[in-house]
Every structure is written in structure tokens, then in C-alpha cells.
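Colleague: turn this into a model:
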Amino acid sequence: MVRLAIAALIWALGVWNLAAPGAVGPQGSPSYKVPGVDALPAGVTYANGRVNITGDGVTLDGWDFRGAKYVTVSGNTSAIRNSLFDFAGGEQGGIDIGFGNPVAGAVVEFNSFDGLKATGSKANAINVRDLSTGVRIRRNRIQGMQQDSITLNGEAIVEENNITVGGYGGPTVHSDAITLQRGDGIIIRRNLIDVTPETGTYGVNNHIRIQPLGGNAVTGAMIYRNIFIGRSTLTTYAIEAKDATGTISGVQVFDNIWDLNANGLWAYPTSPGVVRSSGNRLISDGSLLTEMPGVNTPQPAQRLINSGSAN
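Modeller: Below you'll find the model as predicted:
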């Protein structure tokens with residue numbers, strides 16, 4: 001609570017001219033519609049718990065997808081907002097963008113995702129597939145997930161979400177808040193992410209994990225103006241980057257507030273391709289973080305925030 005209060009104070013004071021994240025989750029008091037009961041718009045089908053958006057320009061606003069229902073997006077410029085999801089277990093749940101083929105322009109905003117702390121759930125809240133482009137994920141509330149909350153295999157902006165990852169399912173579970181597996185120019189900004197474990201239940205939970213596999217690449221990502229709270233284990237990092245079977249390059253990390261892990265580290269000691277720019281601060285007292293071994297020294301040209309290139 002102390003760390004959260006300090007983070008809120010720093011945010012409110014506008015130390016970096018931050019935009020307040022505002023309300024997350026459904027807005028107002030929607031009268032939720034239910035698939036299988038209420039008619040879906042044109043370009044959408046429903047069968048066996050799966051809502052499939054096949055048409056372009058489709059909007060699903062104010063739907064209750066709880067109870068093993070999930071949404072796949074195969075059409076362009078679709079929007080899903082003000083809706084409810086939960087995860088009772090198994091493979092299904094949440095939103096799968098680019099299901100079967102890459103899509104462009106999907107928007108996911110003002111939704112609530114509740115993992116129900118369900119042991120055995122293998123679904124992500126939001127999954128971006130197949131190098132989909134122009135995806136925007138904003139102002140969602142995500143909590144209680146056993147698997148990663150957001151997984152990115154495409155170009156996306158992830159902003160102003162509230163993500164709580166409590167390590168549910170025991171010490172062998174690895175549930176990260178946001179995982180980057182493939183994509184160019186991904187932006188992660190102004191999110192509040194808390195990995196503080198519940199008593200007796202914790203795993204290795206990173207705020208941001210960058211790990212391209214199978215020869216894939218993550219390039220040019222920018223991670224900035226986020227608040228990262230909590231540390232569940234000695235091996236928990238605000239940023240963990242491993243290029244085991246892929247490549248990472250040009251990742252910029254700047255102007256964030258975060259905890260260090262119990263070993264006093266903010267990033268995986270040998271995080272390849274990560275450029276640590278200035279402006280990151282400790283959540284405990286607001287002091288600037290010093291450079292650490294294994295992460296590249298920032299270059300002036302990569303300091304975009306003062307030029308107005310990063311908002």
C-alpha cells in the first residue's frame with residue numbers, strides 16, 4: 001500500500017507530465033447483452049462458446065462473455081468495448097486477435113477480464129497473433145490471471161490498462177503481465193501493473209517479458225511512463241528480455257516508476273537489445289535509478305520524450 005500511495009503521488013504531481021490513466025473497465029452502467037440470447041451484429045457468428053468476428057468494421061459494445069465464452073477477431077477495424085470476460089479454466093477465454101490471419105486496426109478498450117484465480121486456465125486475456133497491425137489495447141481492467149495477461153505477436157499500442165498479476169496457481173506458475181513475442185514498434189505506456197503476490201501463492205511474474213522464439217524478432221519497442229508495482233520472487237524483473245531462439249533490438253525503456261526485485265535488480269542481468277534511457281525512478285522514494293551491468297547505456301538520439309515524439 002505504501003508503494004502504491006507513493007506511485008499515486010508521483011503520478012498526481014506530474015513528475016514527467018504524465019496523463020492520468022482515468023477510469024478502466026466498462027464505463028457507465030451497461031445493460032449487458034449475452035451471446036446466444038441477444039442478436040449479434042452482422043459479420044459475427046456464435047457457436048460452442050466462440051464469438052467470431054469475420055466482418056470488417058464490427059463493434060461489440062456492452063456484452064457479457066463470462067462463462068467459458070471467448071472472442072476471435074478475423075475482420076479488420078473491429079472494436080470490443082465495455083464488455084465482461086472471465087476464465088473458469090481450460091484453453092478458452094478472452095480475446096484472440098488475428099485468429100487464422102493477421103488483421104489491422106482492432107481496438108480493445110474499457111473491458112473487464114477476471115481470471116478468477118483459476119488453476120488450470122491456459123488462456124490469455126488478450127492475444128495478438130500473426131503480425132496483426134494497428135492494434136490498440138487501452139483502459140482495460142485485468143486481474144486474477146494464471147497465464148500471461150497480454151501476449152503480443154504483432155504491432156500494438158498497450159496503454160492505460162490496470163493489470164494485477166498475483167502469481168495464482170502456486171510457485172511453478174509463470175504469469176507475466178505483458179509478453180512481447182514478435183513485432184516491430186510495439187508501444188507500452190501509462191499502464192499500472194502490480195505483481196504483488198497473495199500470501200502463499202506466487203510464481204515468477206514479470207511486469208514485461210520480451211522473448212521472441214522460433215527465429216522471430218522484437219524490434220523498436222518503447223516502454224515508458226508505466227508504474228510497475230511488486231516483486232514476487234528473486235527472479236522477478238520489471239523487464240526481462242531473453243532472445244533464446246529469436247532476436248531483440250532497439251527496445252527503449254524510459255520514464256517508468258518501479259520496484260527492484262529482492263536482488264536489487266530492475267531488469268534481467270543480460271537483457272539483449274534493451275536500451276535503458278534515463279528517467280526511470282524507484283517507487284520507494286522517487287529517486288532516479290542508476291545504470292546496471294548488462295544493459296546498454298542510453299544514447300541521446302534515443303531520448304524521444306523531450307522532443308515530443310513519445311506521448
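Colleague: contacting residues for G183?
Modeller: Neighbouring residues of G183 by CB atoms under 8 Å, 6 or more residues apart in numbering: V128, L131, L152, N153, G154, E155, A156, V218, T219, A221. Any C-beta I mention is one placed from the backbone N, CA and C, and that applies to glycine too.
Colleague: give me that answer again for 10 Å
Modeller: Neighbouring residues of G183 by CB atoms under 10 Å, 6 or more residues apart in numbering: 128, 131-133, 135, 152-156, 212, 216-221.
Colleague: can you tell me which of these end up in helices?
Modeller: Among the contacts of G183, no member is found in helices (DSSP state H).
Colleague: are any of these buried, and which?
Modeller: Among the contacts of G183, the ones that count as buried by 16 or more other CB atoms under 10 Å are 128, 132-133, 135, 152-156, 212, 216-221.
Colleague: got a list of what N124 touches?
Modeller: 87, 93-96, 113, 115, 142, 145, 147-151, 175, 179.
Colleague: cool, G93 as well?
Modeller: The neighbours of G93, taking CB under 10 Å, 6+ apart as the test, are 49, 65-71, 85-87, 113-116, 118, 121-125, 145, 147.
Colleague: tell me the pLDDT at it?
Modeller: pLDDT for G93: 75.
Colleague: check the gap between it and E155 for me.
Modeller: Applying CB to CB, to the nearest Å, the value for G93 to E155 is 24 Å.
Colleague: do the same with N76
Modeller: N76 sits 14 Å away from E155, taking CB to CB as the criterion.
Colleague: can you check R182 too?
Modeller: 10 Å.
Colleague: need the overlap of contacts for those two.
Modeller: Residues touching both R182 and E155 (CB under 10 Å, 6+ apart) are V128, L131.
Colleague: I'd like the average pLDDT over stretch 250-268.
Modeller: Mean per-residue pLDDT for stretch 250-268: 74.
Colleague: show me the longest strand that occurs in this protein.
Modeller: strand 126-138 (DSSP state E).
Colleague: using PDB, write out every CA atom in it.
Modeller: Coordinates of each C-alpha in strand 126-138 appear next as PDB, following Å, rounded to 0.1, in the frame of the first residue of the first chain:
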ATOM      1  CA  ILE A 126      -5.800 -10.700 -24.900                       C
ATOM      2  CA  ASN A 127      -3.700 -12.400 -27.500                       C
ATOM      3  CA  VAL A 128      -2.500 -10.600 -30.600                       C
ATOM      4  CA  ARG A 129      -1.500 -13.100 -33.300                       C
ATOM      5  CA  ASP A 130       0.200 -13.400 -36.700                       C
ATOM      6  CA  LEU A 131       1.800  -9.900 -37.000                       C
ATOM      7  CA  SER A 132      -1.500  -8.100 -36.900                       C
ATOM      8  CA  THR A 133      -1.100  -4.300 -37.100                       C
ATOM      9  CA  GLY A 134      -2.600  -1.200 -35.700                       C
ATOM     10  CA  VAL A 135      -4.000  -2.900 -32.600                       C
ATOM     11  CA  ARG A 136      -4.900  -0.700 -29.700                       C
ATOM     12  CA  ILE A 137      -5.400  -2.100 -26.200                       C
ATOM     13  CA  ARG A 138      -6.500   0.600 -23.700                       C
END
